[in-house]
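Peer 1: Predicted model follows, preceded by the sequence.
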Amino acid sequence: MTTDAFLADCRARLAFDLLSNTWNAVVLWALRDGPGRPVELRERIGGISSKVLTETLRRLQFNGLVDRRAHPDAPSRVAYELTALGRTLLAPIDAFGAWAFEHGDEVMAAQEAACVPGPQSPA
């Protein structure tokens, strides 16, 4: 595997792909304090549908970041928890969140400025 972030098989690009999906980091962060059932996760995470949560959990499981635990006493009762690998992403997610907290107003101001129509140039 190469270290050139612009190539498809670069490890850095793999990491960027994992965190580029809005819900991946949110679900990982929601699981930071321990296992959670899907209904609990939906309550904790605002604005996520059951379908998107299920897709996200499956994607995170596929990538080795969460484990799915079925409870033997109730076949339809499952919980998800971070794997050791998934826990390694908590520090970068926390750092990114701290950056957003510190610079979010600047980003929103830039977005608002970009939406304000500028002076019309003569035709």
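Peer 2: Here it is on my side, so go on. Since this is a predicted model, take the numbers as computed values, not measurements.
Peer 1: Looks to me like Ala25 is in a strand.
Peer 2: No - counting by DSSP: H, G, I helix; E, B strand; the rest coil, Ala25 is not part of a strand but helix.
Peer 1: Do you know the pLDDT at it?
Peer 2: The model reports Ala25 with a pLDDT of 95.
Peer 1: out of everything not next to it in sequence, what's closest to it?
Peer 2: Leaving aside its chain neighbours, Ala25 sits nearest to Ile93 (5.0 Å; criterion: Cβ to Cβ, 6 or more residues apart in numbering). C-betas here are computed from N, CA, C, even on glycine.
Peer 1: Can you tell me the centre-most residue of this protein?
Peer 2: In the chain, the centroid-proximal residue (Cα atoms, centre = their mean) is Ala25; its distance is 2.0 Å.
Peer 1: My read is that that residue contacts Asp94, right?
Peer 2: No - the criterion here is Cβ atoms under 8 Å, and Ala25 misses it with Asp94 at 10.1 Å.
Peer 1: The residue nearest to Ala25 sits in which helix or strand?
Peer 2: Under the criterion of DSSP states H and E, Ile93 resides in helix 90-115.
Peer 1: so how far is that helix from its chain's centroid?
Peer 2: Its chain's C-alpha centre and that of helix 90-115 lie 15 Å apart, by Cα atoms, centre = their mean, to the nearest Å.
Peer 1: May I have the beta-bridge partners of Val78?
Peer 2: With DSSP bridges as the criterion, Val78 is bridged to Ala70.
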